[in-house]
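> Predicted structure and sequence below. I'll ask about it afterward.
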Amino acid sequence: MLELISEHACFGGSQRFYRHQSSAIGLPMRFSVFLPAQAASGKLPALFYLAGLTCNEETFMTKGGAQRVAARDGMILVAPDTSPRGAGIAGEAQDWDFGVGAGFYVDATEAPWQRHYRMYSYILELRALLVAQLPLDERRVGICGHSMGGHGALVLALRNPDLFRSVSAFAPIAAPSRCPWGTKAFSGYLGADESAWRAYDASALMAQASAPFPKGILIDQGLADKFLDDQLYPEAFEAACRHAGQGLELRRHPGYDHGYYFVATFIEDHLKFHSANLT
Ligand SMILES: N[C@@H](CCC(=O)N[C@@H](CSC=O)C(=O)NCC(=O)O)C(=O)O
């Protein structure tokens, strides 16, 4: 059951915040939805947006500047939280890049995380729930994300191209098995056996895929991003796409950093990309 926490008129539509009991997580979870006015008269395409480290279900809706375009083009926006909250694990909020706000969109297998830190399954649960309860067109759902959320979006789409028919990302952690954020998260959530990491590494998944997105993938990357050299590795994903024959538009933008001014600058292009792909 969805509990509506708050609702705000926004560009002729409705910005909503919900809470529900997640079976994947085993705890209450929050998410936000923007419903454009067109949702009153039928099912619409939807875009899931996965946010990055330290973010929550509010970040994208308040900083991304996406609602104006979504209202114009008739697209539903969905922004989940980035981790369980209140799991009661000692030290879970101690680090900003692991634990609370840093679920990494994986299903943890290691104690003490494996009971609640199941964000991969949670996103699939939320998709099914919203298709059943809100006017999302099940055949027209895309996914996008930023940084940790860009990693999540690529992985969820590559593993479920029938559920997420269109995918894009902003500054994704594109090869988490080889960067400090990813190795910390994967060691903690998935354990030391690196073969288990491949299921959550977009570059590794793409290298073994057979071009699942015929209309291409869109990635934007700022060249003044302080995390670019150590954490993101877009060139690894680019090489994997080339190997797989997967079309990729990887746009490199001089002067743009890692933050939401960058996301807000290019979000309209992403919504247009998904609208065109989901038609
Ligand atoms: N606290 C960190 C910075 C954290 C940060 O930059 N988070 C990014 C996502 S990074 C990868 O997932 C973010 O989106 N933050 C929200 C925002 O409003 O910018 C530090 O000290 O560097």
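Nice, thanks for sending it over. Just so you know, these numbers come straight off a predicted model, no measurement behind them.
> This protein: helices as residue ranges?
59-63, 67-73, 119-133, 148-159, 180-190, 202-207, 234-244, 260-277 (DSSP state H).
> The longest one packs against which elements?
By that I understand helix 260-277. Counting contacts by 3 or more Cβ pairs under 8 Å, 6 or more residues apart in numbering; DSSP states H and E, helix 260-277 packs against strand 44-50, helix 59-63, helix 67-73, strand 136-146, strand 166-170, strand 217-222, strand 248-253. Quick note: C-beta positions are derived from backbone N, CA and C, even for glycine.
> do that again at 7 Å, thanks
Counting contacts by 3 or more Cβ pairs under 7 Å, 6 or more residues apart in numbering; DSSP states H and E, helix 260-277 is packed against strand 44-50, helix 67-73, strand 136-146, strand 166-170, strand 217-222.
> one step back: would you tell me which of the helices of the chain gets closest to Gly26?
helix 119-133 (10.0 Å; Cβ to Cβ).
> Now do the closest one: distance to the chain's middle.
Counting by Cα atoms, centre = their mean, to the nearest Å, helix 119-133 is centred 13 Å from the centre of its parent chain.
> could you check the angle helix 148-159 makes with it?
70 degrees (axes from the mean of the first three to the mean of the last three Cα atoms, to 10 degrees).
> who's in contact with helix 119-133?
Around helix 119-133, the neighbours that count as contacts under Cβ atoms under 7 Å, 6 or more residues apart in numbering are 2, 22-25, 29, 31, 48, 78, 80, 83, 103-107, 136, 138, 141, 156, 163.
> Looking at strand pairing, list the partners for Phe48.
Assessed by DSSP bridges, Phe48 has beta-bridge partners Val78, Ile143.
> Was I right to think Ala153 contacts Cys144?
Yes - the pair Ala153 / Cys144 is scored as a contact, 5.5 Å apart, by Cβ atoms under 7 Å.
> That'll do, ta.
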